[in-house]
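Chemist: could you look at this predicted model? Sequence included:
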Amino acid sequence: SHAPADLYLMTKNPEDSPNEPDVLEIEFKNGVPVKVINVKEGKSKDSALDIFSYLNEIGGKHGVGRIDIVENRFIGMKSRGIYETPGGTVLLKAHLDIETFTMDKEVRRIKQGLGIKFSELVYNGFWYSPECDFVRHCVAKSQENVEGKVQLSVFKGQVYILGRESPKSLYNEELVSMDVQGDYDPCDASGFIRINAVRLREHHRLQGFAGTKN
């Protein structure tokens, strides 16, 4: 059955939210939000509590952050959970964007796995465990270069990323350009492709061999 409309206390129904978006700029330092600016109104917040409270207000106004899920409790039973986290949803979208922009690909891959582990530990009540302490230290290390600003709009239950900038960006426009000759030579890829194809050719040779025996 659908959740009753009056269950939600922080968020408007997106259908009843404003017909104009709020455009925000969120600034991060070491992966932590340090400032939020409402671009149209000129309002800004720069303390942790004020940032989160303001994003709850803006996200809630636009119906952002509602979820209705079935979750697995620690002891195995399933339960239905209906949550609203407007400010957290806006911050998560912005953080993932600036993280992708500034974090090494392989470090980010490991950090994503640690993020899942961290959420399990917190959900199951193991915040004060040694393993949770270890994961927090690893995640903090991964955030050292996660710095910059993300612009986004909040509208009708959604968060839309508009752009980002960072002094520690790993995005190199010239390196990936099809028009400018950079340090990357596409011809180098041919040997890389052949090396990777060795395993695949052997796999398909074996599949063909198995097929002839049937």
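Modeler: It's in.

Chemist: which stretches of the chain have low pLDDT?
Modeler: Scanning the chain with the threshold set as pLDDT under 70 gives 174-183, 209-214.

Chemist: show me the strands in it, by range?
Modeler: Using DSSP state E, the strands assigned to the chain run over residues 22-29, 32-38, 44-45, 66-72, 78-84, 148-155, 158-165.

Chemist: ok, the third one: who's next to it in the sheet?
Modeler: Sheet partners assigned to strand 44-45 using DSSP bridges are listed as strand 32-38 (antiparallel).

Chemist: and if you look at the fifth one?
Modeler: Partner strands for strand 78-84, per DSSP bridges, with pairing direction: strand 66-72 (antiparallel).

Chemist: who's in contact with the partner strand?
Modeler: Strand 66-72 is touched from outside by 3, 8, 11, 78-85, 157, with contacts defined as CB atoms under 8 Å, 6 or more residues apart in numbering. All C-beta spots, glycine's among them, are computed from the backbone N, C-alpha and C.

Chemist: pull out the buried positions in it.
Modeler: In terms of neighbour count (16 or more other CB atoms under 10 Å), strand 66-72 has its buried residues at residue 66.

Chemist: check stretch 82-93 too.
Modeler: For stretch 82-93, the neighbour count (16+ other CB under 10 Å) marks 84-91, 93 as buried.

Chemist: out of the residues you listed, which is nearest to residue 62?
Modeler: Among the buried residues of stretch 82-93, residue 86 lies closest to residue 62 (CB to CB), at 7.9 Å.

Chemist: sorry, back to before: ok, which pair from the contacts of strand 66-72 is furthest apart?
Modeler: Spatially, the most separated pair among the contacts of strand 66-72 is 78 and 157, at 25.9 Å (CB to CB).

Chemist: which one's more surrounded, the two?
Modeler: When residue 78 and residue 157 are compared for neighbours, residue 157 comes out ahead with 19 against 9, by other CB atoms under 10 Å.

Chemist: spatially nearest residue to that one (excluding sequence neighbours)?
Modeler: residue 14 (3.3 Å; CB to CB, 6 or more residues apart in numbering).

Chemist: what about that neighbour, how many residues close to it?
Modeler: 14.

Chemist: also residue 103?
Modeler: The number of residues packed near residue 103 is 20, by other CB under 10 Å.

Chemist: how near is it to residue 116?
Modeler: Computed as CB to CB, to the nearest Å, the residue 103 to residue 116 distance reads 17 Å.

Chemist: how about residue 123?
Modeler: As judged by CB to CB, residue 123 and residue 116 stand 11 Å apart.

Chemist: so between the two, which is more surrounded?
Modeler: Shown here are residue 123 and residue 116; by other CB under 10 Å, residue 123 has more neighbours (12 against 9).

Chemist: for the more buried one, which residues are in contact?
Modeler: The neighbourhood of residue 123, defined by CB under 8 Å, 6+ apart, consists of residue 74.

Chemist: quick one, helices of the chain?
Modeler: Using DSSP state H, the helices of the chain run over 48-61, 86-102, 105-123, 130-142, 173-176, 189-213.

Chemist: most tightly surrounded among these?
Modeler: Of all those, helix 86-102 has the most neighbours on average by mean count of other CB atoms under 10 Å, namely a mean of 20.
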